[in-house]
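*Asks:* I would like the atomic coordinates for the input below:
(4 chains, ligands or ions: 4)
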Amino acid sequence: MSTPVAAMRAPGFLSRLWRDPRQLSLAITIGLFVAMSVAGGVMYDGFLRPQVFLNLLIDNAFLLIVAVGMTFVIVSGGIDLSVGAVVAFSTVLLAWLVQVHGWHPLAAIPLVLALGAAFGALMGTLIERYRLQPFVVTLAGMFLARGAATLLSVESIGIDHAFHVAVANLRIPLGGGASLSAGAVIALLVVAGGAVLAGMTRFGRGVYAIGGSEASALLMGLPVAATRVGVYALSGFCSALAGVVYTFYMLSGYSLHATGLELDAIAAVVIGGTLLAGGSGYVLGTLFGVLVLGLIQTLIVFDGTLSSWWTKIAIGGLLLAFCLLQQLLVRSSRRRAPQEPPA
Amino acid sequence: MSGAEARTSSRQVLHRGLAHPLFWPLLALALLLLGNGLFNPGFLSLQWRDGHLYGNLVDIANRAAPLVLVSLGMTLVIAVRGLDISVGAVLAIAATVAAWTIARMQAAGSEGLAPLFAAITAALGVALLCGFWNGLLVVKLGLQPIIATLVLMVAGRGIAQLVSDGQILTIYYEPFAFLGNGFLFGLPFSLFVVAAVFVGLKLLLDRSALGLFVRAIGHNPVAAHVAGVRAKAITWSLYVFCGFTAGLAGLLVSSNVASADANNAGQLLELDAILAVALGGTALAGGRFSLAGSLVGALIIQALTTTIYAIGVPPQVNLVVKALLVTAVLLLQSPEFRGRLRARLSRRAGGAT
Amino acid sequence: MLQARGLAKRYGATVALDGAGLVLRAGEIHALMGQNGAGKSTLIKLLTGVEQVDAGTIELDGRTIAPASPLAAQREGISTVYQEVNLCPNLSVAENLYAGRYPRRFGLVDWKQVRAGARALLAELHLDIDVDLPLAAYPVAVQQMVAIARALGVSARVLVLDEPTSSLDEDEVRELFAVMRRLRERGMAILFVTHFLDQVYAVSDRITVLRNGALAGEYLPAQLPQAALVSAMVGREVELAGGRDASHEVPVDAPVVVEARGLGRRGSLQPVDLQLRAGEVLGLGGLLGSGRTELARLLFGLDRADCGELRMEHGPVELRHPAEAVAHGLALCPEERKTEGIVAGLSVRENIVLALQARMGWWRALPRARQEELARQSVALLGIKVADIETPVGALSGGNQQKVVLARWLATQPRLLVLDEPTRGIDVAAKQEIMAEVLRLARQGMAVLFISAEIEELTRLSDRIAVMRERRKAGELPGGSDGGQVLALLAAHEPAVRAAGAAGA
Amino acid sequence: GKGGGDAAAKADAIRVGFSQVGAESEWRTANTRSVKEALVAPEFNLKFSDAQQKQENQIKALRSFIAQDVDVIAFSPVVESGWETVLREAKAANIPVVLTDRAVDVSDDSLYTTLIGSDFVEEGRRAARWLLEDSASRKSSGAAGPVRIVDLQGTVGSAPAIDRMAGFKEVIGQDPRFAIVRSQSGDFTRAKGKEVMEAFLKAEGRDGIDVLFAHNDDMAIGAIQAIEEAGLKPGEDIRIVSIDGVRGAFEAMKAGKLNATVECNPLLGPQLAQIIRDVHAGKPVARRVEVEEGVFTRDQAAAELPNRKY
Ligand SMILES: Nc1ncnc2c1ncn2[C@@H]1O[C@H](COP(=O)(O)OP(=O)(O)OP(=O)(O)O)[C@@H](O)[C@H]1O
Ligand SMILES: Nc1ncnc2c1ncn2[C@@H]1O[C@H](COP(=O)(O)OP(=O)(O)OP(=O)(O)O)[C@@H](O)[C@H]1O
Ligand SMILES: [Mg+2]
Ligand SMILES: [Mg+2]
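*Replies:* Ligands and ions are numbered 1, 2, ... in the order given. Below is the predicted model:
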């Protein structure tokens, strides 16, 4: 074969990163996150304190968990709009069981998690079996879950079970006065688990295959139907888990919790470099997508001078600036790369 | 013999009707309305009152008008593999700009119809600009549609509130009220707006080659590009058009309640619009689309809402009812579901005999 | 070993198969032949569980089987390469080779072993590429090789290959055949489909011919001359060969339609000079990856040149978009049919009028009657096998899809027609008719740039031959040159990797 | 920037972190404006944060305030429960917390210093009491059967919607002459208020509704349009009472289309500023500070309208 073929052999990680657009964009995302943090540090006092960054994890733990589940769904070529509602339903159900019916949280949590997974699996089954569009099925799921939450309780239910309060107030000290909450630790574990699941298991790789080409996945003999249902079940499970973490965060169950969370989760996943069309993305990217969203909010709070409407405009503007820089950097570096794969 | 012939031909007609993509959405709509009529006999009645038609059906059509408009724009954007989740914000911007313009013109002492035309021009102009912006981000800068339009969705309401200074702008100007509240030949004027846009669009897509190009781009953008279709320009203009429909909807909404609420106008409109598009049989992955389907889809959604109000369920049950009805409509439309249902029914019937 | 009888399959109104059958014995290479749309791929889909039979039986080792899914077929020991490359473009090459049967350690995928295994598998085909890059980064030919490697990797008893060689170069084909022969020695039964008669004779032990969805006969290659094989496929006497009228000379004063001066693009093509006159067929030869496709894309404005200029009759032109190329009367029948050619969701009619309509602009639509007329003409002219011009192109057989793409460009009546491997997957008889038609159009004043991997085809049809090597133009040969001369140009400087591979074969 | 000329002036300013719910209504906007106008430099250094109507955003903002080590935290809680953890963190950091607008539900009362604001339940009660009085004075008209009330609720699950409903029912429920015949959410917006009222009118018929109780003025304004379009006279054929007391409501009352509005005063900025001063200076403050509010009716509207700032 001719010389270009020889050039296509990648000797090391760096050159592979350079050529593989997916890993490259992940690196760029991380780089931009760091740059944005430094900019914040220059502009605002106390911005670079470790606790500020730990707060990103503490305050976004539930979003992170939901986004990990969402990453699988989006990589498989689908979408799950029900996540925010499932979070809300889980908080209400958990609070209702604990407060109204006197269950021990440790008994209620497994039930909540199982219900979340089952609900996801149900939506997955509808999508798979009846060829319905994920967008509308999960939209109906969103109505249903939030509706069910309001049916259980219209009002916010505070949780004061000793166990729950203890977990909520648990802070894992990391030295220097900085600490991490239990929810954040769970979220990090979910990220790690998600990364392993996506990268190292048959299920995970099946998800990528389906997202790349469902027809091919079928012809390759992959269990497409089971994987698809599994993806939505996983997302439902993650949402329920996020609901549980949410109750540790808020000590309450409320049907209006986590409104609009689905969009935040989708945005985080996409900012993290996952293609909405499916087939490509990293769980680690999602972690940074969530952190970027959190950082934008933190920047705005630290500024503290913006009116309500300028807040919205600033969020949009920062989001745009981030995505544009990401896009431009990825593009230009790909142009500089030795051989562009045919588009 | 002629009887048999008539029977076969009528069966053929039936078959063709069943195969028509609009059949199932229409059936869903009809069932909804009929169900309402059974529960509540007054529901389907129409009266002539004060020189115009009055009744729930008129309300449904009238209320659905903004959603229909936005769904039409959304249909085309989705047909070329795009998505526009900023429509609600664009609607709010257009509504606010219209109210603001009128207030300004009035303050400057302008009278007659001048404020009306100024408001329409300004609102639609801004809406077109919003669409242009979305197209720029998607087509030129290559952002994923959902993120590109998320920017305007988030920032758009901020911009609208900036214009209105956070107030709900009330419009004290009669001519403007005609757009969303007036009646022409006894029917709400907004229906004529919707009809004009729908018919115009349909003619444009069917009579020119645009429809072919849109479908080609949606099915395979690369192949369309290679074939010489100006895929990017077309995609871009469809985003502009989607912005335009959202602006038009903004005019109708603000005119209807004679005020512009930057924060709440068009809240969650994007979800309803996408739902309408999907209910109408358009593939969300692009390519296959149906304008008439989206129109019916939007009517289904509004009929659902009105149904919920009419049957008087407690508000906390609204969402559950809506979820169940939407799921039922979806299943009804799924050929796989009908196939399985038929198989099960015939098995049971077979077992019985 | 594998026996199929009386198979029938219909898709709606189309009868794809009716009374097809096949007997496949252990340790043989069996060629499945037939015209485009004869039902070869459908037969294979039935054997491998992609589709279910309407009627007929399939027996494996005397046992009736009815594979319900590709997975079930794989479990029965049938390994398949489908006609359209059916791998996941987003996954790495290594993953595509191992998806569904990853080696695992502690329940997790063992990537080390996957990579090593992938390299070993590809090495069997003498393919040395980075297995960690996504499949989409490679041209179709490589993807095809990967698909074959995947099928080989499954320890199967029956190997089914649907047009595996359509996008391969002669070298690759040789590698593949070597592997197939080795497998045959091990007692594997191999069924393969191709439209290249030489290949059939080179490797197969037995030939089954399908015609119009029915079994036309089973033959031994030694007893069946090429002409008879073609007749069996077509169902009537067909005269082979033909081609360029050797005495034909393109007039020196024929207007230059297109001229490239130092046209190039950093990283993909060194500056190239090229001239095409009206009425001329210029062949473009070269090995896989030599830059022919890149040149075609530059000429058509699909990629932007960053040096040199392109001149047409009325002076220099700058092409920023295919639409401008189309407006200038250029046409490109692209190499990658599935991604760049057909619009699978649109009907045959719509696909055929697409480029013409694009040239006319979006405002003036071709009248429906004219569209139908055009589509019907094309269907008749190119022998596209389709019941109704409103059928979605995705439902056509591979070869017929290719014909539709060709028809699309012929409909624009271009000044310059660039054909990048246009006859891939098209049966012998149709190929001949199509090339005759192209020659006829050329004689009426159209210029043709004809890219082909088949040297024989190039020499037979071209008035002049340009040869590409390592992303630059290696030279030009006058009409009537023979294959040896082309090979000489191609072979200069053959890199070591390939040479070693060829020696091993 | 970190430095800057005003740094010196700001050095001894009281650093206040204020977390607002959002800008979802005119009432809220007026509230924000009042707070911002009261907490100005050089005396205060205000960190303002808008939560876009989400509790989790408020909590994030509070955490940020704690990380920035502000002197006083003030916020309008979206809902009552869910504040325990973050308030504990504030307490641990020794930052006093002032609630505006409504209370929170915590096990430990020392988690916040004081509450300044209105009482949604009481507003509901006031609306009901006005209705009782109004019907008493109209008794002469002598309609047969119970007074039929329709209820336009706020966003399902939102605190004002729940509390105003509760207060209203508490008073109305004691009187058998009244019946709430329909109740539906209008999401606190004019457009929804109008849409739901249209449906009510169709479902109950023109004569089926005597009174409309709207959980805020905006829904009432929308409903008024629906009533007019149905050919009825708002304020006469259907009596209307709503809550908030925004400018639009006074205009409607002046035009005779709205009967009464229960004021819910958003202008608590000056009172808040005073409390913050006291808290910062370590002076004792009352656990609960009421805001002045009243009920306005049609006859007061014309006089009051010019005084309305929002
Ligand atoms: N999914 C489908 N829907 C409708 N018709 C189909 C479908 N698949 C195949 N056909 C029809 O079945 C016939 C046989 O197709 P098949 O793909 O088996 O041909 P083939 O022999 O493989 O041809 P080629 O050499 O071009 O690949 C064709 O007429 C084709 O149009
Ligand atoms: N066998 C191969 N292995 C690895 N990379 C290859 C191989 N063949 C081609 N490529 C790469 O694919 C890209 C496209 O090559 P291109 O298609 O232009 O070549 P070509 O001359 O048109 O060959 P052909 O059309 O026969 O595939 C180039 O980047 C080339 O390096
Ligand atoms: Mg085939
Ligand atoms: Mg090529």
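*Asks:* For the residue of the stretch 201-350 of chain B found nearest ligand 4, which non-adjacent residue is spatially closest?
*Replies:* Of all residues in the stretch 201-350 of chain B, B:V226 sits closest to ligand 4, with a separation of 14.1 Å (C-beta to the ion). All C-beta spots, glycine's among them, are computed from the backbone N, C-alpha and C. Leaving aside its sequence neighbours, B:V226 sits nearest to C:E340 (C-beta to C-beta, 6 or more residues apart in numbering or on different chains; 4.9 Å).
*Asks:* For the one you found, give me its contacts.
*Replies:* With contact set as C-beta atoms under 8 Å, 6 or more residues apart in numbering or on different chains, C:E340 has these partners: B:222-223, B:226, C:334.
*Asks:* and of those, the nearest to B:L32?
*Replies:* B:A223 (39.9 Å; C-beta to C-beta).
*Asks:* For that closest one, which non-adjacent residue is closest in space?
*Replies:* C:V343 (5.0 Å).
*Asks:* Now the residue most central in space within chain C, what are its backbone angles?
*Replies:* Against the mean C-alpha coordinate of chain C, by C-alpha atoms, centre = their mean, the closest residue is C:R424 at 3.0 Å. Dihedral pair for C:R424: phi -60, psi 130, per degrees, to the nearest 10.
*Asks:* Quick check: it touching C:S167?
*Replies:* Yes. Contact between C:R424 and C:S167 holds when scored by C-beta atoms under 8 Å: they sit 6.0 Å apart.
*Asks:* Quickly list what's touching both of those two.
*Replies:* In contact with both C:R424 and C:S167: C:E335, using C-beta under 8 Å, 6+ apart.
*Asks:* thinking again about what came up before, narrow the contacts of C:E340 to those that are buried.
*Replies:* By the neighbour-count criterion of 16 or more other C-beta atoms under 10 Å in any protein chain shown, those include these buried positions: B:222-223, B:226, C:334.
*Asks:* Just the pLDDT for the residue in the stretch 151-300 of chain A that ligand 2 sits nearest to.
*Replies:* Using C-beta to the nearest ligand atom, the single residue of the stretch 151-300 of chain A nearest to ligand 2 is A:G212, 19.6 Å away. Listed pLDDT for A:G212 reads 89.
*Asks:* With A:E128 instead?
*Replies:* For A:E128, pLDDT reads 92.
*Asks:* does chain B sit close to the strand or helix carrying it?
*Replies:* For A:E128, the host element (DSSP states H and E) is helix A:105-129. Yes. Using C-beta under 8 Å from any C-beta of the partner chain, helix A:105-129 comes into contact with chain B via A:126, A:129.
*Asks:* on that earlier part again, distance of the residue nearest to B:V226 relative to B:H225?
*Replies:* Distance of C:E340 to B:H225, computed by C-beta to C-beta, to the nearest Å: 8 Å.
*Asks:* same thing with A:P50?
*Replies:* 50 Å.
*Asks:* what's the answer for D:A191, then?
*Replies:* 42 Å.
*Asks:* can you check B:F337 too?
*Replies:* Distance from B:F337 to B:H225, by C-beta to C-beta: 37 Å.
*Asks:* Please apply the same query to C:E335.
*Replies:* From C:E335 to B:H225 the distance is 15 Å (C-beta to C-beta).
*Asks:* circling back: just confirm the residue of the stretch 201-350 of chain B closest to ligand 4 contacts C:L302, I think it does.
*Replies:* Yes. Here B:V226 reaches C:L302: they are 6.5 Å apart, a contact under C-beta under 8 Å.
*Asks:* so what sits against both of these two?
*Replies:* C:322, C:332.
*Asks:* Kindly spell out which helices and strands sit in contact with the host helix or strand of B:A328.
*Replies:* Secondary structure assignment for B:A328, by DSSP H and E: helix B:318-333. Contacts defined by 3 or more C-beta pairs under 8 Å, 6 or more residues apart in numbering or on different chains; DSSP states H and E place helix B:318-333 against helix A:105-129, helix A:134-152, helix B:23-39, helix B:269-279, helix B:291-311.
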